[in-house]
Structures are given as structure tokens and as C-alpha cells.
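Participant: Need a 3D model of the following:
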Amino acid sequence: MNRRALQLAVDALILTAAFFLAYVLRFDGLPPSAYRLNATLQLPYAVLLELIVLTFAGIHKTSWRYVSLADVPRIGIGIAIAAAVLIAFRLGLPLRYQWGRIPLGVIAINSLVAGLGLLSARILRRVQSERSERKMHSLDSQVETKRVLLIGAGRAGALISRELSSRPDIGLVPIGFVDDDSRKHGTYIHGIKVLGDTRSLSDIVEGHAVEEALISIANASGETIRRLHQLCEAVPVPVKIIPGVFEILDGRVSVTRIREVQIEDLLGREPVELDNASIQAHLSGKRILVTGAGGSIGSEMCRQICNYKPAELVLLEQAENPLFYIDNELRQLWPELRLVPIVADICDSKRLQEVFQLCRPQVVFHAAAHKHVPMMELNPGEAIKNNALGTAKVADAASAIECEVMVMISTDKAVNPTSVMGATKRIAELYVQGMARRSETKFVAVRFGNVLGSAGSVIPIFKKQIAAGGPVTVTHPEMQRFFMTIPEACQLVMQAGAMANGGEIFYLEMGKLVKIVDLAKDMIRLSGFREGRDIQIKFTGVRPGEKLFEELALDAEGVDKTRHPKIYVGKLEPYPWKQVLAIYERLRTVTDTRELMAVRGVLAEVLPEFQKPAEGGAISDEELQSRTPPLGSDVPIVT
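Facilitator: All right, here's what the predicted structure looks like:
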């Protein structure tokens, strides 16, 4: 007998017993013989009716192991409807059908007893299941236990406390809650007491021998997590968090995901909500090509794309080793997916055309770029070749095969650029916008700021500096940047691609500007050190081409909302195509020069929004020459 049939049989027994018990209670004992005969005749249709109504109410679709308050209304509604039908029979049947007229008192008592019986059976099954799980985990586990204080006595805290109690193998024993809602103080949640508020944290930790604190607040803001982390640090008591408690499904949360608080938690980025249907239609069953597939953004784009089951994913990358690693990773995770790894340089027109003609991608995500601002100040010609000319060659190849959509990944540094890197990305945007008017392909660009943890970004650098004992180097006390996570950026890029009509420059909502020095202080504190005592912060000066703060939209451009709350679209008109071609012709004259000022002069000439770098951020040709060895020299370039 399968599980659903067994549940149905148990419910039938409960309803049968409830019906007879209703008669006994109605008559204070065994009913008279005439009523006993009627009860026997009434039982089949009464129980059958209740089973049918309860089935339509959906009570047999819920697993008894996970019964909750959400199941009570289903049982109540089903019993009430069945009772209403039985009452209608009672009042509507003629007197000659006395055997089918169930007394109203019996119907009322039966409804109450049947409802309680059905609910009790499910609760007993859940209790038995949880007890078995605890016993199993206890037998399998030999871990040492820690006394844990839960910070936050809301829904997430209640779910986490219940899961911890049922999972002794985790080794965390919840001994109490703290919550700033005074109405909860002194109450019990799953047998665990709310001991006080966060102002009493030190006394609670000491009085209850707390060994670890666990933040159990769903969707806590970055400011809240920072405040709680600082409170725990001051006690001191180690603090951890469960990421993504907002993803609680079916009343369960995975306590195995408990981890240390990370810098991403302090930034407080809200989870991205995607229109998966539109992305699915955009990517599923399509041939997709990603340039720069081995980079931080490109590789994550590939991972995200695989979730939408494309017909084929082409990984185009200049560097062999990163391509090998991402190809190998994807083959293990998605063995059924057709992957085509291709070593190619986007500056090689002939090779690009060959790849596009062979693979004929329908969607292209162009992530290949030189992105490090100071490095491109030292190598300005390479920035032009790769970021501007390379993008044009990818766009030409996509248009030649009538690709459906090409999404160019741009940067906030393209807004009023002060660096060679930012200017070349802005010029690439101009080419993409121009192509959108001349091609059947939908060309769009997507701008966003810094991504957390990308190769060469500030967070991995800070981690290495902290691990080495410091100092942590920050360029300027007022340096500010936008930040988002790599997965979030890639998800929004896919969403923007699905929304493309052609010619748009999309902007991803980046939240608030973050001071780099505050980021450094947070990372030092999260690493268990004290800023100024254990680890020093050293200000090194603005680097070549850097701004003190970044922007996401030109003043003349403005932005409009899209149907996605985190994606905006700019309103700046594209340059005339002849002007774009003239810009590219002019750029080709300086791709091989080593004179930075000459390159910057041409960029200022062709790009009106190109600006001077922040004070201290400029670099002269003389300094460039002093930092760059002659070609063929064995002396490494110092950056």
C-alpha cells in the first residue's frame, strides 16, 4: 500500500470512530436501538462524503511529516462543508427517510471530533518523525556541542531554533533568544525562552555561558548586521549567520549553511528577483556565446546561463588556463550540456568571423575586456585595441551572422570617464549603439560598478594584505565605489538582455556608494583583528586615472525605469554613425604609441565627456617611461 492510500485509510478510520463517538456523546452513552440502526445505515454515506470533500480541500496532498498551522484551515474548511451538506440532508429529507436524517447534535459533535482527530493524527506523525530524526542524528553524531544564543525571535528565528533542536549532529544547542521587541521578552518559542534585548547581550552571554551567537533575522539590512556584529565583538562572543534565510521554503531552513559573517552581509544587498519566464524564453534552447568566458564576470555568466538549458554554450577566451578551468567545471556540473571551448582573441577579426560562422550563436554576452584602471594608464594602446576595437569586431561578427541579441558588459567608469579604461568602454558603447541602428541584431550595453570578489578587485587584495599582517592600503580617505555580488550582476545582465529592443544602455541599481576605507575597516574587524592596533590602514594616494567616486548615468542622459525594479535605461541619443567611424579611425592612429598624454589627448578630442583625473590621479609621460622598461628588457613592469 502506498503512502497516500495508507493516509486515506487512516483518515477513514478516524472519521468512522468520530461518527460513532458523536452518537455516544449525544446520548450520554449507547444510543437507543433505533438510533443504533440508523447510525449504522448513515455511517457509509457520511464518511464517504467527508472523505470526498476533504480530498477536494487538498488535505491529502500535504506530507504529514511537515504538517503546520497552514494545514488547519484546509481541514476546518473540509469538515465545515461536509457538515453543511449533512445538515442540508437532515432538513431536506422527508420524515419517511428517518434512517438518513442525522441528528443536528450528532453532526456538530462529529465535526468537532473528526477535525481534532484528523489534526491529531498528523501532529503525532510529525512528532514521531522528528523524534526519529533526532535519534538518528544523535547516533550518527559524535560532535561537541556549543551553547548558542539566537539573535532575532521572529519567524526565521523560530524555524532555525526548531531545526537546531532536531539536528544534534550540527552540535549547536539553542539556549535562548534575544530580540529588541519587548513584547516577546519572557515568552517561549519551541520551548526556548526570549531572554531580553540586544542591550542586555553581555549579561545574557555571561549568565547563560553562551559560546556562540547566531543572527537569525530574515532579510536583515547591512546596517543591522554590522551593528549586531559589533555588539557581539564587544562582548566578545563569536557570531555567525545563516545566509538567505529569506529563501525559507515549506517552513524549513538549512542550518547546515551556518557560516561566518562576510563582507557581503554588511553591504546589505537585497536578493535579486528575476523574471525567469522572460529569461527562459531568451536563453533556453538557444546557441549562446560568451566572450571572456574565463574571467570573473564571464565565468559566472556561463554558470548562470547553464541553469536555463541552452542548446549550446560557446566559451570564448584568450587565456588557455582560465578557459580550461571553467570548461572543466561546467562539464562536471552540467554533463548533458553541449559546451564548445574556443581559444581566441577578440582583436583577431579573421578568427572571430570563423568562430561566429561555425557556431552561429543566437545570443552573445560580451564580457571580454581590460578592466584594471591603473594598468591601462600604463598600457593605453592595449586598452584601445581590446576594449574599443575588440568590441567593434565582436559586434561586426555578431551582425554578420544576424545574431538575435548582443549584450556588451560595460562599467560605471564609462560615465564622465577620467581614465583610459573608462573612455575606451564608453567608445565601445557608442559603437554598440550605432550598430543597433544598422543591424537586425539587437545591440545593448549594461553598466554596473564593482563586483565583490572579482579577480584583482579590492576585497581579494584586502584579504591578502590582512593575512600578511598589513598594512591595508587605501588610496584616499574619501574614495567611494558601488558594489554588488558577481551572481547578482550576472543575473541582472541576463535580465537586461531579455528586455532588449536594441540600442539601450541599461544601468543596474547599485545601492549606495561605499567608502573604501569603511570596507577596509569592516574586513579587518571580520578577520578578528583591530584596526589601528593589529592591522594598520595606509593611504597611498589616488592612482592614475581614478575618480574619488563613480557615477552610473550622465547628467545629459537621465534614466527611465524598466519593468524590473533594479534595471534602468538611459535616454542619451547615439552618436551619428559617421562620427563613430571617425572616432575609431582616429583611435587607430594611437594604438601603438607609448605616450600616454598623446592617447589621452586623442580621447579628449573624440569624446567630449572625457575628463581630467582626480587630483593626484594623473600620470605624466616621464613617469610612465620611468615605470615602464624598454621593450625586450628583463626588468618587470612595476604597477
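
Participant: Quick check, I305 in contact with L283.
Facilitator: Yes - I305 is within contact range of L283, at 6.1 Å (criterion: Cβ atoms under 8 Å). For glycine as for every other residue, the C-beta is placed from the backbone atoms N, C-alpha and C.

Participant: which residues are in contact with both of these two?
Facilitator: Listed as contacting both I305 and L283 by Cβ atoms under 8 Å, 6 or more residues apart in numbering are M494.

Participant: ok, which stretches of the stretch 101-250 of the chain are helices?
Facilitator: For the stretch 101-250 of the chain, the helices defined by DSSP state H, counting those that start in this stretch occupy 104-140, 155-166, 201-207, 222-234.

Participant: which secondary structure elements does the shortest one contact?
Facilitator: Helix 201-207 is packed against strand 172-178, strand 192-196, helix 222-234, with contacts defined by 3 or more Cβ pairs under 8 Å, 6 or more residues apart in numbering; DSSP states H and E.

Participant: Turn the ones you listed into CSV, including mean neighbour count and distance to W334.
Facilitator: Listed next are the helices and strands packed on helix 201-207 as CSV, based on neighbours: other Cβ atoms under 10 Å; distance: least, Cβ to Cβ, whole Å:
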stretch, mean neighbour count, distance to W334
strand 172-178, 22, 34
strand 192-196, 20, 42
helix 222-234, 17, 33
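
Participant: Export these as CSV, with columns for distance to D71.
Facilitator: Putting those into CSV (distance: least, Cβ to Cβ, whole Å) gives the following:
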stretch, distance to D71
strand 172-178, 25
strand 192-196, 24
helix 222-234, 33
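
Participant: Take those and lay them out in TSV including distance to G92 and mean pLDDT.
Facilitator: Shown next, in TSV, are the helices and strands packed on helix 201-207 (distance: least, Cβ to Cβ, whole Å; pLDDT from 0 to 100):
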stretch	distance to G92	mean pLDDT
strand 172-178	55	90
strand 192-196	53	93
helix 222-234	61	84
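
Participant: Any idea which of these gets closest to A34?
Facilitator: Closest to A34 of the helices and strands packed on helix 201-207, according to Cβ to Cβ: strand 192-196, at 55.3 Å.

Participant: okay, the angle between that closest one and helix 155-166?
Facilitator: If you take axes from the mean of the first three to the mean of the last three Cα atoms, to 10 degrees, strand 192-196 sits at 130 degrees to helix 155-166.

Participant: What strands flank strand 192-196, and is each parallel or antiparallel?
Facilitator: As defined by DSSP bridges, the strand partners of strand 192-196 come to strand 172-178 (parallel), strand 188-189 (antiparallel).

Participant: what's next to that strand, contact-wise?
Facilitator: Residues contacting strand 192-196 (Cβ under 8 Å, 6+ apart): 149-150, 153, 161, 165, 174-179, 184-188, 203-204, 208.

Participant: redo that, cut-off 7 Å
Facilitator: Strand 192-196 has contacts (Cβ atoms under 7 Å, 6 or more residues apart in numbering) with A153, S161, P174, G176, F177, V178, D179, K184, H185, G186, T187, I204.

Participant: The strands paired with strand 192-196: which one's closest to Y325?
Facilitator: Among those, the nearest to Y325 by Cβ to Cβ is strand 172-178 (35.2 Å).

Participant: What pLDDT does the model give R525?
Facilitator: R525 is assigned 76 on the pLDDT scale.

Participant: which one of the helices and strands packed on helix 201-207 lies closest to T145?
Facilitator: So among the helices and strands packed on helix 201-207, strand 172-178 is nearest, using Cβ to Cβ, at 5.1 Å.

Participant: could you check the angle helix 222-234 makes with that closest one?
Facilitator: Using the same axes, to 10 degrees: strand 172-178 against helix 222-234 is 110 degrees.

Participant: pull the CA atoms of strand 172-178 into PDB?
Facilitator: Coordinates of each C-alpha in strand 172-178 appear next as PDB, following Å, rounded to 0.1, in the frame of the first residue of the first chain:
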ATOM      1  CA  LEU A 172      24.600  23.800  18.200                       C
ATOM      2  CA  VAL A 173      22.300  23.800  21.200                       C
ATOM      3  CA  PRO A 174      20.000  26.900  21.300                       C
ATOM      4  CA  ILE A 175      19.700  28.200  24.900                       C
ATOM      5  CA  GLY A 176      17.700  31.300  24.300                       C
ATOM      6  CA  PHE A 177      16.700  34.300  22.100                       C
ATOM      7  CA  VAL A 178      17.400  38.000  22.300                       C
END
